[in-house]
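Visitor: Predicted model and sequence follow; I will ask about them next.
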Amino acid sequence: MSTDVKTPLAFRKYPSTTALQCFETAARHLSFTNAAQEMNMTQSAISKQVAQLEEMLNLSLFYRTPHRISLTPAGKTYYLEVLEILRHIEAATTSLMSNSDNSEVLKIVSHPTFCSRWLMPALNGFGRAHPLINLNIKELAGPFFSEDQNVDVAFLYGDGIWGGMESIKLFDEYNVAVCHPDYLAGKAPCTSNIAQCTLLQLSSRPSAWYEYFRQQGIRIEGTFVGPRFDTFHTSISAALLGYGIALVPLRLVAPELQSGSLVRAWSYAAKGRGAYYIAYPLSLGNSHKVKVIVEWISTYLQHSNDPKQDIECVR
């Protein structure tokens, strides 16, 4: 008979959540007294919990002097790990308490500006129609499907080809040049004197302005020069404040164009190299919640006026 028997989890030594909470609070305040006030415990109780934790770890987590405490190198490392553990416990507990027994969580990721300006309006009413599906939406620049991420559905921009994923095309992208209504007052057309205008740049698309003019058969120097931003949202905000001209997807700036807070600097709309997709892992192809969200988005596209925008912008 084999004697290679693994020790059951129940017999291993692990610190209690109370001990971890006491250590985290004391480490954050660098004070047992302040930690005791926050935890509604006595100072001696906090100190005892930390001492027992140090004894179990066989490590000193704090340097102690008569007037203060400070973290040892091991304590600093452990503090960051414990903080993450407690956050996970809190998130898991909150999620479980907020969902009914029959509900399920749909984890969605999206590009930040696309999420706030297109996805949120598209999901309006989803919770009322599907009360047993709780949305957990995260904004990320990408990549969305690394091994350490747990994602059900992603809204992506690209060519529609991602390993291990099924993708459904939502719509093409058309980029338009927009600015504050007063920005071009007194300025010559940029195509003849680009030095008079500031072209707002997007970090993830450094050649966007070059491509915009190239599609029109216009050769202009200085298309890579200008303030640079991380997101379309910030670029749009800068245009609203009169910083310059932003090149952004038409669908993401439609509200400002309709209200008149932004205007088209030129009528041309440049077709993007990619398109927007809803994508999900192949393993979730038969998932009820994934089928529901795909159907919801498809219905929204069929009944929205968005397709008209793309037709009009290329005329």
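Guide: Thanks, I have it.

Visitor: Only C-alpha atoms from now on, for both contacts and neighbour counts.
Guide: Fine.

Visitor: And the contacts of the host helix or strand of Q49?
Guide: In the assignment (DSSP states H and E), Q49 maps to helix 43-57. Residues from elsewhere that reach helix 43-57 (C-alpha atoms under 8 Å, 6 or more residues apart in numbering): P15, T18, A19, C22, F23, A26, F32, T33, A35, A36, S60, L61.

Visitor: Can you name the residues that contact the first one?
Guide: P15 is in contact with L53, M56, counting by C-alpha under 8 Å, 6+ apart.

Visitor: And the helix holding Q49, what's buried?
Guide: Q43, I46, S47, Q49, V50, A51, L53, E54 (16 or more other C-alpha atoms under 10 Å).

Visitor: pLDDT for the residues you listed - can I get that in TSV?
Guide: Listed next are these as TSV, based on pLDDT from 0 to 100:
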residue	pLDDT
Q43	93
I46	94
S47	94
Q49	94
V50	95
A51	95
L53	94
E54	93
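
Visitor: I'd like those laid out as CSV, including distance to F126.
Guide: CSV is the format used below for those (distance: C-alpha to C-alpha, whole Å):
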residue, distance to F126
Q43, 49
I46, 46
S47, 49
Q49, 47
V50, 47
A51, 51
L53, 47
E54, 49
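
Visitor: would you list every one of the strands in this structure?
Guide: 62-64, 69-71, 104-110, 133-139, 153-158, 165-179, 199-202, 228-229, 245-249, 263-281 (DSSP state E).

Visitor: what angle sits between the longest one and strand 104-110?
Guide: Right, the one you point to is strand 263-281. Angle of strand 263-281 versus strand 104-110, following axes from the mean of the first three to the mean of the last three C-alpha atoms, to 10 degrees, is 140 degrees.

Visitor: Figure out how far strand 263-281 is from the centre of its chain.
Guide: 20 Å (C-alpha atoms, centre = their mean, to the nearest Å).

Visitor: Give me the contact list for that strand.
Guide: 152-160, 164-181, 184, 211-212, 215, 245, 256-257, 290, 294, 313-314.

Visitor: State the mean pLDDT of it.
Guide: Strand 263-281 comes out with an average pLDDT of 91.

Visitor: Just the buried positions in it, please.
Guide: For strand 263-281, by 16+ other C-alpha under 10 Å, it's 263-265, 268-271, 275-281.

Visitor: Now do the contacts for G260.
Guide: P181.

Visitor: cool, and G244?
Guide: Per C-alpha under 8 Å, 6+ apart, neighbours of G244: C179, H180, Y183, C197, T198, L199, L200, A238.

Visitor: how long is stretch 109-119 from one end to the other?
Guide: Criterion C-alpha to C-alpha, to the nearest Å; first-to-last residue distance in stretch 109-119 is 10 Å.

Visitor: no no, stretch 58-68
Guide: End-to-end distance (C-alpha to C-alpha), stretch 58-68: 22 Å.

Visitor: What mean pLDDT does that stretch get?
Guide: Mean predicted lDDT for stretch 58-68 stands at 92.

Visitor: For V153, list the residues it contacts.
Guide: L106, K107, I108, V109, I278, A279, Y280, P281, V290.

Visitor: how about JSON lines for the residues you listed, with distance to Y78 added?
Guide: JSON lines is the format used below for the contacts of V153 (distance: C-alpha to C-alpha, whole Å):
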{"residue": "L106", "distance to Y78": "32"}
{"residue": "K107", "distance to Y78": "30"}
{"residue": "I108", "distance to Y78": "31"}
{"residue": "V109", "distance to Y78": "30"}
{"residue": "I278", "distance to Y78": "40"}
{"residue": "A279", "distance to Y78": "38"}
{"residue": "Y280", "distance to Y78": "36"}
{"residue": "P281", "distance to Y78": "35"}
{"residue": "V290", "distance to Y78": "38"}
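
Visitor: from these, which is closest to R87?
Guide: Nearest to R87 among the contacts of V153, counting by C-alpha to C-alpha, is K107 at 18.1 Å.

Visitor: Contacts for stretch 172-179 next, please.
Guide: With C-alpha under 8 Å, 6+ apart, stretch 172-179 has contacts from 239-240, 242, 244-250, 262-276, 310, 313.

Visitor: Would you mind writing the CA trace of the helix holding Q49 as PDB?
Guide: Coordinates of each C-alpha in helix 43-57 appear next as PDB, following Å, rounded to 0.1, in the frame of the first residue of the first chain:
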ATOM      1  CA  GLN A  43      -5.300  47.300  21.900                       C
ATOM      2  CA  SER A  44      -4.100  44.200  23.700                       C
ATOM      3  CA  ALA A  45      -6.400  42.000  21.600                       C
ATOM      4  CA  ILE A  46      -5.000  43.400  18.400                       C
ATOM      5  CA  SER A  47      -1.500  43.000  19.600                       C
ATOM      6  CA  LYS A  48      -2.200  39.400  20.700                       C
ATOM      7  CA  GLN A  49      -3.700  38.500  17.300                       C
ATOM      8  CA  VAL A  50      -0.600  39.900  15.500                       C
ATOM      9  CA  ALA A  51       1.800  38.100  17.900                       C
ATOM     10  CA  GLN A  52       0.000  34.800  17.300                       C
ATOM     11  CA  LEU A  53       0.200  35.400  13.500                       C
ATOM     12  CA  GLU A  54       4.000  36.100  13.800                       C
ATOM     13  CA  GLU A  55       4.400  33.000  15.900                       C
ATOM     14  CA  MET A  56       2.600  30.800  13.300                       C
ATOM     15  CA  LEU A  57       4.700  32.300  10.500                       C
END
